[in-house]
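Asks: predicted coordinates and the sequence they were generated for:
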Amino acid sequence: MLPQTGASEQWLVLVVVAAIVIGAGIALAVSGKARRRVATGLGALAIVGALALGGMQAAPAALADAGSACVTAPGGAQAPRADTVVTPGIPGLQQQCNAESTVVTPTTTGVTYTQTRDGSVVTVTAAANAGYRILDGSTTTWYYDVSPVTPAPAPIDLPTTVRADLVDTAPTPEGGTEDRFETESTFMPDLLAAAAAGSASYGLDATQAELVVEFDLLDLEGQPLTFAASAPVANAIFGYDAPLALFTLAAPVEDRDAAFASLLDQLDAFQQENPGAQLIGVRQAAEGLAVGVQWDGGSVCGQQAAYVAIDAVYLEITGVPGEPGPAGLATAASASSGVTSLADVGARLAAAAAAEEVDATLVETTAPIADDDSASIAKGPAAEQPTPEVPAQSPAPEVEELVEG
């Protein structure tokens, strides 16, 4: 409570003054020794009164000074202290490659952050807690786009697969052979230009190289059959000759021969299960070859990599049984027994697959048309194989036509 001053203090002064006046009157009325006693008492009373008046006059000032440090509001409630001024921290954006970004809010004493979202935009708002006040002029609202960050595209077009066709086979200093393939694609020239400009790097990969030979055949009832044989080519060497604009593929002789032997065994097993099947098409290719490309995808996504498959085609022949087919089939059927390059593999396998067909449908004899390797695959007497109708002419000229065609 505030100290009460004013009317009560005035009455106290009057009482003291009245006592002094009365005492003075009594002192005048008496004489001698009694008067001196009364005067002494009045003097003491006057001193007390003076002290009382001085204390009463000093009390309001002291109380006023104390009131400046602690003020009690009317009704007894204590007044609130001044709010603490704070400055909100700035939220951050945590970005990820190929994923939405995340807004991260800081921890600031006296500040509460809220987030709202509209599409891909997140709004962050800062508000002061009770007892705190945000510094005037401070930023309290931020906007962030949380759309996924995608890597920068490659500096050139990257096809999924590039086809390259065999053009020739050349000997190597080690005694083996190198097969060369040309392509109509501009992928490699474009890549070399990008590498020269420093916007991309590349490497050729043959660690998964394998020879794949696919056969199209007809069974005894004329229904189509398909068969594919594959064999890995160990230690294959895959390159690109920029001046000639040709892909190159080579393998040590022993690895090449091992691949051929594996393919031949697979074909033999297939023919055992499908006697008399007639060959109508063959395709040989080197698969598992690739060109790896690297480029800078940006500060968030970093280095990017992609692989472009190279389909190196050695041989692709189609024909119709019982009719003069493409020269490739006839050449395959009469190929020499030796395998001098990877390019020979498909032809030799085609010779092996065509041996039964030629024997059964054209020659009608148990003697194989191909030599040692092919003969070992064309098993079974001609009597066990069906003999489709052939044109009414001698078989020998027709064989000659196939070989020369």
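Replies: Everything's here; your move.
Asks: which stretches of the stretch 301-405 of the chain have low pLDDT?
Replies: Scanning the stretch 301-405 of the chain for pLDDT under 70 picks out 319-405.
Asks: buried set for stretch 81-99?
Replies: Neighbour counts over stretch 81-99 (16 or more other CB atoms under 10 Å) mark 86, 88, 91, 95 as buried. No exception for glycine: its C-beta is placed from N, CA and C like everyone else's.
Asks: which ones are touching the first one?
Replies: Listed by CB atoms under 8 Å, 6 or more residues apart in numbering, the contact partners of residue 86 are 108, 109, 110, 111, 128, 132, 133, 134, 135.
Asks: surely the fourth one meets residue 89?
Replies: Yes - proximity of residue 111 to residue 89 meets the contact threshold set by CB atoms under 8 Å, at 7.5 Å.
Asks: list the contacts of the closest residue to residue 98 other than its chain neighbours.
Replies: The shortest distance from residue 98 to any non-neighbouring residue, by CB to CB, 6 or more residues apart in numbering, is to residue 148 (5.8 Å). Residues counted as contacts of residue 148 (CB under 8 Å, 6+ apart) are 96, 98, 99, 100, 101.
Asks: go again using 7 Å as the cut-off
Replies: Residue 148 is in contact with 98, 99, 100, counting by CB atoms under 7 Å, 6 or more residues apart in numbering.
Asks: between the residues you listed, which is closest to residue 273?
Replies: Taking CB to CB as the measure, residue 273 lies nearest residue 98 of the contacts of residue 148, at 47.9 Å.
Asks: next, the closest one: phi, psi?
Replies: phi 60, psi 30 (degrees, to the nearest 10).
Asks: looking at the buried residues of stretch 81-99, which are in strands?
Replies: 86, 95 (DSSP state E).
Asks: which SS class is residue 165?
Replies: Under the three-state scheme (DSSP: H, G, I helix; E, B strand; the rest coil), residue 165 adopts strand.
Asks: sorry, slip of the keys, the one I care about is residue 261.
Replies: Quick answer, by three-state DSSP: residue 261 is helix.
Asks: give me the neighbour count for it.
Replies: Close neighbours of residue 261, defined as other CB atoms under 10 Å, add up to 13.
Asks: show me what the closest residue to residue 167 other than its chain neighbours is bridged to.
Replies: Nearest residue to residue 167, sequence neighbours excluded (CB to CB, 6+ apart): residue 182, at 4.9 Å. As for beta bridges, residue 182 partners with residue 165 under DSSP bridges.
Asks: residue 112 now?
Replies: In beta-bridge terms (that is, DSSP bridges), residue 112 pairs with residue 127.
Asks: before I go, just wanted to say thanks for your time.
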